[in-house]
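> 3D model of this:
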Amino acid sequence: MIGKKDLLIMSLLRKDARMTLTRMSRKINIPISTIYDKLKIHEGSTMKKYTCIVDFAKLGFNARANVIVKSEREQRATLLEYLLKIPNVNSVYKISNGYDYLLDVIFRDIREMEDFFELLESKFSIKDKQVYFVIDDLKREAFLSEPDAIGLV
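Numbering: from 1, shown residues only. I've put the predicted structure just below:
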């Protein structure tokens, strides 16, 4: 089980992954060496990777959607293998309730996205597909980013 100090450190990193260990130590009153040791223990396991959140529209990628897909049982593994290789597929989740996968896809424009869907449907027997266009990010990657809100401070 992960202790309160570990969660507090992760919470601060979720809020600002560039925070120095010195600043973190002062903020939560834990020695730098303890913070460093705890980070080394969790890197690669509990903490999967350090990353940045990008505003894709500002980079020219104006079409984003969440897509739920249901495929033929025999093609699920092949479909997943294919989806994992497509650079425009930002995330793939295995889901329940009659569907196989939830995709987060990002393209420069709707036409590019439609071309992707047409290719997908020509390569695989897609039984059902629902596309939900993302209009705006209102809250993203916020869970466990406020120590006060989760009772750690």
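
> Look at Val153 and report its pLDDT.
Predicted confidence (pLDDT) for Val153: 58.

> swap that for Glu118, sorry
pLDDT at Glu118 comes out at 97.

> which outside residues touch stretch 16-34?
Contact partners of stretch 16-34, identified using CB atoms under 8 Å, 6 or more residues apart in numbering, comprise Lys5, Leu8, Ile9, Leu12, Leu13, Ile35, Tyr36, Tyr50, Thr51, Cys52, Pro147, Val153. The C-beta positions use only the backbone N, C-alpha and C, and glycine is treated the same way.

> one more time with 7 Å, if that's ok
If you take CB atoms under 7 Å, 6 or more residues apart in numbering as the criterion, stretch 16-34 is touched by Lys5, Leu8, Ile9, Leu12, Leu13, Ile35, Tyr36, Tyr50.

> can you list contacts of stretch 90-109?
Stretch 90-109 has contacts (CB under 7 Å, 6+ apart) with 56, 60-71, 76, 80, 83-84, 88-89, 113, 116.

> go again using 8 Å as the cut-off
Outside stretch 90-109, the residues within contact range by CB under 8 Å, 6+ apart are 56, 60-71, 76, 79-80, 83-84, 88-89, 113, 116, 128.

> Which among those residues count as buried?
Among the contacts of stretch 90-109, the ones that count as buried by 16 or more other CB atoms under 10 Å are 56, 61, 63-71, 76, 79, 83, 88-89, 113, 116.

> so of these, which ones are in strands?
Among those, the ones falling in strands (DSSP state E) are Ala63, Arg64, Ala65, Asn66, Val67, Ile68, Val69, Lys70, Ser71, Val89.

> Does the spatially most central residue of the chain belong to a helix, a strand or coil?
Central residue of the chain (CA atoms, centre = their mean): Ser91, 6.3 Å from the mean position. Look at Ser91: counting by DSSP: H, G, I helix; E, B strand; the rest coil, its state is strand.

> how is this structure carved up into domains?
In terms of domains, the chain is parsed into 4-42, 56-133 (source: automatic domain parsing).

> list the buried ones in the shortest one?
In other words, domain 4-42. The neighbour-count check on domain 4-42 (16+ other CB under 10 Å) flags 6-14, 21, 24-25, 28, 30, 35, 38-39, 42 as buried.
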